[in-house]
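J.: Give me the fold of what follows.
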Amino acid sequence: MITVTAESFPLTSAFTIARGSRSEARVLSVHITRNGVTGRGECTPYPRYGESEESVTAQILSLPGDITRIALQRALPPGAARNAVDCALWDHEAKRTGRRVWELAGLPPPRPVASAYTLSLDTPEAMGRAAARNAGRPLLKLKLGGEGDLARLEAVRHGAPGARLIIDANEGWDIATYRRRLPRLAALGVALIEQPLPAGADAELAGLPRPVALCADESCHTRADLGRLAGLYDVVNVKLDKAGGLTEALALADAARTAGFGVMAGCMLGSSLGVAPAVLVAQGAAFADLDPPMLLSRDREHALACDGANVHPPAAALWG
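T.: Here you go, the predicted structure:
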């Protein structure tokens with residue numbers, strides 16, 4: 001039996017990106033029960049990809065109750081619905097066999113991973129204050145995407161002079177903006193630029209210098225995207241909700257490394273249940289962005305433990 005429940009988890013403060021602001025993480029929780037054993041998964045439907053809670057719920061409930069992970073890859077396209085079911089099936093198998101998911105996947109035991117901490121889009125002054133409050137964190141991620149971005153970046157660099165910085169424009173720049181800002185970004189010590197241009201405009205990056213590494217996010221969902229991104233990006237952001245679950249996310253990370261890309265393990269804004277499988281993807285990744293458990297004012301029971309910047313592997317009582 002497959003059931004779907006809509007849930008929300010409040011944030012400690014408003015989270016703002018170029019596309020809008022939110023005060024809670026809204027997710028869909030999936031439970032798959034067979035022979036008295038229940039596996040759990042979670043997804044975050046994303047309107048940017050044409051998803052809603054209603055459409056994703058309908059996709060999930062269209063599946064037969066005895067769906068397997070292999071059959072699932074063909075039954076649903078990559079996206080939030082397939083992710084929640086895929087992760088629930090991994091969790092179900094772990095509970096049924098008494099083994100952890102990483103054992104089932106043939107992976108070594110996971111270690112804690114150092115995660116970026118996100119500063120949401122705001123005025124330069126507010127982002128500078130937020131950076132100062134978090135100056136002890138080794139990696140900060142800035143949400144940008146419009147006029148005043150350089151002032152925001154400079155304020156953050158002043159507030160946290162020792163932190164490595166990732167900037168995420170969420171498709172908010174054009175190629176002229178990228179060219180104009182690039183020298184200053186390099187001078188301010190930015191380590192990574194995430195998705196500066198709209199997905200579909202990637203070809204405009206051809207032949208341009210990349211003194212700061214570029215990461216494809218909205219432009220990279222599955223292994224099928226890697227070929228057209230070669231030579232344009234240095235890193236790809238692997239997210240469960242884009243890839244359609246842990247099965248494809250692990251395969252994408254492996255294929256990306258083989259193709260010469262660095263890997264960033266990211267996630268949508270959700271609870272610890274949704275982030276837990278991403279901790280496996282983050283093992284050995286060049287960058288990890290798994291901070292939702294640090295941003296929520298209320299999380300799941302047995303939530304992921306966060307020790308400073310580190311996110312620890314999930315307890316069996318949470319997932320896997």
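J.: centroid residue for this protein?
T.: A centroid search over the chain (Cα atoms, centre = their mean) returns C267, at 1.8 Å, as the residue closest to the centre.
J.: Just list the residues touching it, thanks.
T.: The contact partners of C267, taken as Cβ atoms under 8 Å, 6 or more residues apart in numbering, are K239, L240, D241, G274, V275, A278, D289, L290, P292. C-betas here are computed from N, CA, C, even on glycine.
J.: 6 Å instead, please
T.: Contact criterion Cβ atoms under 6 Å, 6 or more residues apart in numbering gives K239, V275, A278, L290 as the residues in contact with C267.
J.: Among those, name the ones in helices.
T.: Counted as lying in helices by DSSP state H, out of those, are V275, A278.
J.: what's the closest of the contacts of C267 to P198?
T.: Comparing the contacts of C267 against P198 with Cβ to Cβ picks out K239 as the nearest, at 17.6 Å.
J.: correct me, but that closest one touches G266?
T.: Yes: under the contact definition of Cβ atoms under 6 Å, K239 touches G266, with a separation of 4.7 Å.
J.: Please say which of these two ends up with more neighbours.
T.: For the pair K239 and G266, the greater number of neighbours falls to G266 (29 against 24), based on other Cβ atoms under 10 Å.
J.: Determine the set of other helices and strands touching the lengthiest helix in the chain.
T.: The residue-count maximum for a helix in the chain (DSSP H) belongs to helix 80-97. In this structure, helix 80-97 makes packing contacts with strand 20-34, strand 37-43, helix 53-61, helix 69-75, helix 101-104, helix 240-243, helix 246-258, judged by 3 or more Cβ pairs under 6 Å, 6 or more residues apart in numbering; DSSP states H and E.
J.: from these, which stretch is densest packed?
T.: For these, the largest average neighbour count (mean count of other Cβ atoms under 10 Å) is found in helix 240-243, namely a mean of 28.
J.: which strands and helices sit next to it?
T.: helix 80-97, helix 246-258.
J.: Give me the contact list for that helix.
T.: C43, T44, P78, A80, N83, H221, T222, A249, L252, M268, P277, A278.
J.: Stretch 271-280 too?
T.: Identification of contacts with stretch 271-280 by Cβ under 6 Å, 6+ apart yields 9, 42, 87, 102, 110, 240, 246, 265, 267, 290, 292-293, 299-300, 303-304, 313-314, 318-319.
J.: rewinding a little: distance-wise, check the residue nearest to the centre of the chain relative to N83.
T.: Look at C267 and N83: by Cβ to Cβ, to the nearest Å, they are 10 Å apart.
J.: And V311, by the same measure?
T.: V311 sits 19 Å away from N83 when distances are taken as Cβ to Cβ.
J.: and what of G266?
T.: With Cβ to Cβ as the criterion, G266 and N83 are 13 Å apart.
J.: still on that earlier bit, can you lay out the helices and strands packed on helix 80-97 as a markdown table showing distance to D202 and mean pLDDT?
T.: Putting the helices and strands packed on helix 80-97 into a markdown table (distance: least, Cβ to Cβ, whole Å; pLDDT from 0 to 100) gives the following:
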| stretch | distance to D202 | mean pLDDT |
| --- | --- | --- |
| strand 20-34 | 24 | 91 |
| strand 37-43 | 26 | 98 |
| helix 53-61 | 26 | 98 |
| helix 69-75 | 26 | 98 |
| helix 101-104 | 33 | 98 |
| helix 240-243 | 15 | 98 |
| helix 246-258 | 15 | 98 |
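J.: okay if I get the ones you listed as CSV plus distance to D174?
T.: Shown next, in CSV, are those (distance: least, Cβ to Cβ, whole Å):
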stretch, distance to D174
strand 20-34, 20
strand 37-43, 31
helix 53-61, 30
helix 69-75, 36
helix 101-104, 42
helix 240-243, 23
helix 246-258, 26
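J.: Identify whichever of those lies nearest to L226.
T.: Of these, nearest to L226 by Cβ to Cβ is helix 246-258, at 6.1 Å.
J.: contacting residues around whichever helix or strand comes after the closest one?
T.: Next along the chain after helix 246-258, taking DSSP states H and E as the criterion, comes strand 262-265. Contacts of strand 262-265 from elsewhere in the structure, counted by Cβ under 6 Å, 6+ apart, are 215, 234-235, 237-238, 253, 256, 278, 281-282, 285-288.
J.: now with 8 Å?
T.: Contacts to strand 262-265, defined as Cβ under 8 Å, 6+ apart, come from residues 113, 192, 194, 213, 215, 234-238, 253, 256-257, 278, 281-282, 284-290.
J.: okay, it in PDB with CA atoms only?
T.: Included here for strand 262-265 are C-alpha records, laid out as PDB according to Å, rounded to 0.1, in the frame of the first residue of the first chain:
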ATOM      1  CA  GLY A 262      32.900  17.800  -9.800                       C
ATOM      2  CA  VAL A 263      29.900  16.900  -7.800                       C
ATOM      3  CA  MET A 264      27.800  19.100  -5.500                       C
ATOM      4  CA  ALA A 265      25.200  17.200  -3.400                       C
END
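J.: roughly how far is it from the heart of the chain?
T.: Centre-to-centre, strand 262-265 and its host chain are 10 Å apart (Cα atoms, centre = their mean, to the nearest Å).
J.: That's all I had, so thanks and see you.
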